[in-house]
Structures are given as C-alpha cells and as structure tokens.
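In: The sequence and its predicted three-dimensional model are supplied below.
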Amino acid sequence: MDLVPRTRGLQTGKGGYRDQNAALARDLAPIAQITGQPVTPALIKGDFLSLDIEPAHLVAVCRFLRVQLGFDMLSCISGVDMLTHLETVYHLRSLTRQQLLQLKVRIDHENPEVDSLVSVWPTANWLEREIYDLFGIRFRGHPDLRRILLDDDFIGYPMLKSFHPVPLMTKDRATTQVDPNMAVAGTFQQKNIERVASKRLGQGMEERLHPGTP
C-alpha cells in the first residue's frame with residue numbers, strides 16, 4: 001500500500017514523482033551543513049525519499065525541514081526493534097509541496113533515548129508517548145512522558161521482541177507427592193472446608209489444581 005496516493009500509469013515527466021523527488025533531493029543538500037556529512041536520501045517503495053539521521057542532529061534537521069522546506073505535518077512516528085538496536089521512523093508531509101519524507105533514527109538498545117520533537121511539531125506529544133509506552137524509548141525534553149495506552153503500573157514494553165507476555169517463573173512442577181489412588185481417596189480429602197483458588201492466567205500446567213494433598 002502506497003503512503004502517497006498515485007494513479008496508475010503516472011508519467012514521470014514534468015511534475016512527475018521523479019522530478020519532484022529530484023528537486024527535493026537538491027533541497028535537502030543544506031542538511032550536510034548541520035550533520036557534517038553528505039546527504040544521501042534513498043528512494044523507497046511508494047516513490048518517496050528516506051533519510052537516515054543521527055540522533056544528535058534530529059531536532060535541528062527537523063526544524064530545517066519544517067521552516068525551510070515546508071514539511072509542516074508530522075503524520076506518524078513508528079518504533080522498530082531490530083534486535084541489535086532500535087529505530088524510530090518519522091513520516092513528514094508537506095502540504096504545499098504535496099510530498100512525503102521519511103526519517104530514520106538508529107537508537108542504542110541498552111540506552112534507548114532520543115530528543116523529543118514536540119518543540120518542532122506539537123503533534124509529537126502523543127505519538128512519542130505511544131512509542132515510549134510500547135517500546136520503552138525515552139524522548140528527552142518531552143513535557144509529559146508517561147504511558148498512554150497501558151496502565152501506569154504495567155511492567156515491560158510489549159512491542160519489544162524480548163518481552164514475555166507471562167512473567168517467567170522458576171519453581172518445581174506441582175505434584176501431590178503421593179500415589180494417585182491415595183490422593184483421590186476420601187481419607188486425604190479435606191472435609192467441610194471451602195477455598196477460593198485464584199489461578200494465575202497463562203501459567204497452564206504450572207498452576208493446575210489437584211484432587212487433594214496428604
């Protein structure tokens with residue numbers, strides 16, 4: 001599915017996607033003065049450009065894109081767990097240029113932090129809270145960084161590939177320690193006692209109920 005709507009058989013002549021992307025690539029060249037590295041945007045599926053940005057230059061580059069190039073809308077922020085590192089992916093849209101631009105930032109898995117873009121696009125507020133809630137990526141400078149979907153006391157970040165939906169438990173397998181025939185005999189059954197057993201969901205055989213104990 002293309003992020004930029006297109007019509008089939010679109011011409012790539014004057015005003016086509018190739019000319020628009022070529023013009024945008026030229027306009028992105030001044031970013032090299034911010035990052036100190038040549039700007040090498042990549043053309044990805046959907047016929048729009050993608051740019052890899054170092055975390056230290058993210059805010060400055062985004063401010064340039066909004067003020068100088070007219071990318072006035074931050075439409076989406078996505079998180080990606082690449083096992084060796086994390087990534088934040090930003091989709092920017094310019095309503096005047098009618099173009100979409102993607103930014104990718106690589107983040108350390110052990111210290112997942114990156115600067116907040118709330119000062120550039122106020123819509124980053126809730127988008128960054130969602131990424132923090134699901135991936136645990138902390139956005140420095142965010143005015144109210146807290147969970148937005150899960151409970152405040154939820155433990156872990158469910159979109160990380162290392163997340164376990166059920167806490168791991170280390171214990172011996174439950175057993176009656178006696179012969180099964182003896183376990184179900186009336187001699188070993190508790191009489192006239194009612195108990196409320198709370199079963200921990202998701203533990204399966206590790207928390208099964210037993211017919212009786214000696």
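Out: Here it is on my side, so go on.

In: For the rest of this, base every contact and every neighbour count on C-alpha atoms.
Out: Fine.

In: Number of residues surrounding Arg66?
Out: By other C-alpha atoms under 10 Å, 18 other residues sit near Arg66.

In: same check, this time on Arg63
Out: Arg63 has 18 neighbouring residues, counting by other C-alpha under 10 Å.

In: I figured it was touching Val120, is that so?
Out: Yes - counting by C-alpha atoms under 8 Å, Val120 is a contact partner of Arg63 at 6.0 Å.

In: Which residues does stretch 86-97 contact?
Out: By C-alpha atoms under 8 Å, 6 or more residues apart in numbering, the residues outside stretch 86-97 that reach it are 70-81, 99-109, 112.

In: all helices of the chain, in order?
Out: 17-27, 31-35, 58-67, 124-135, 180-183 (DSSP state H).

In: would CSV of these with distance to Leu160 and mean pLDDT be doable?
Out: Shown next, in CSV, are the helices of the chain (distance: least, C-alpha to C-alpha, whole Å; pLDDT from 0 to 100):
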stretch, distance to Leu160, mean pLDDT
helix 17-27, 34, 89
helix 31-35, 30, 95
helix 58-67, 23, 97
helix 124-135, 6, 97
helix 180-183, 43, 67
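
In: Export the ones you listed as a markdown table, with columns for distance to Leu43.
Out: Listed next are those as a markdown table, based on distance: least, C-alpha to C-alpha, whole Å:
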| stretch | distance to Leu43 |
| --- | --- |
| helix 17-27 | 8 |
| helix 31-35 | 17 |
| helix 58-67 | 18 |
| helix 124-135 | 25 |
| helix 180-183 | 68 |
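
In: Could you identify which of those helices is most buried?
Out: Ranked by mean neighbour count, those are led by helix 124-135 with a mean of 21 (mean count of other C-alpha atoms under 10 Å).

In: for it, packing partners?
Out: Packing partners of helix 124-135 (3 or more C-alpha pairs under 8 Å, 6 or more residues apart in numbering; DSSP states H and E): strand 73-81, strand 138-140.

In: residues in contact with the shortest one?
Out: Residues lying outside strand 138-140 but in contact with it, judged by C-alpha under 8 Å, 6+ apart, are Pro112, Glu113, Val114, Asp115, Ser116, Glu128, Tyr132, Leu145.

In: Neighbour-wise, which one of these leads?
Out: Among the contacts of strand 138-140, Glu128 has the most neighbours (other C-alpha under 10 Å), with 27 neighbours.

In: what's near enough to touch it?
Out: Here Glu128 is in contact with Ile77, Ser116, Phe139, Leu145 (C-alpha under 8 Å, 6+ apart).

In: cool, and Ser116?
Out: Shown in contact with Ser116 (C-alpha under 8 Å, 6+ apart): Val59, Ala124, Glu128, Phe139, Arg140, Gly141, His142.

In: Kindly recompute the last result at 6 Å.
Out: Contact analysis of Ser116 by C-alpha atoms under 6 Å, 6 or more residues apart in numbering lists Phe139, Arg140, Gly141, His142.

In: I'd say Tyr157 and Ile131 touch.
Out: No - look at Tyr157 against Ile131 with C-alpha atoms under 6 Å: they stay out of range, at 9.5 Å.

In: Please report the distance of Phe64 from His57.
Out: Plainly put, Phe64 is 11 Å away from His57 if you go by C-alpha to C-alpha, to the nearest Å.
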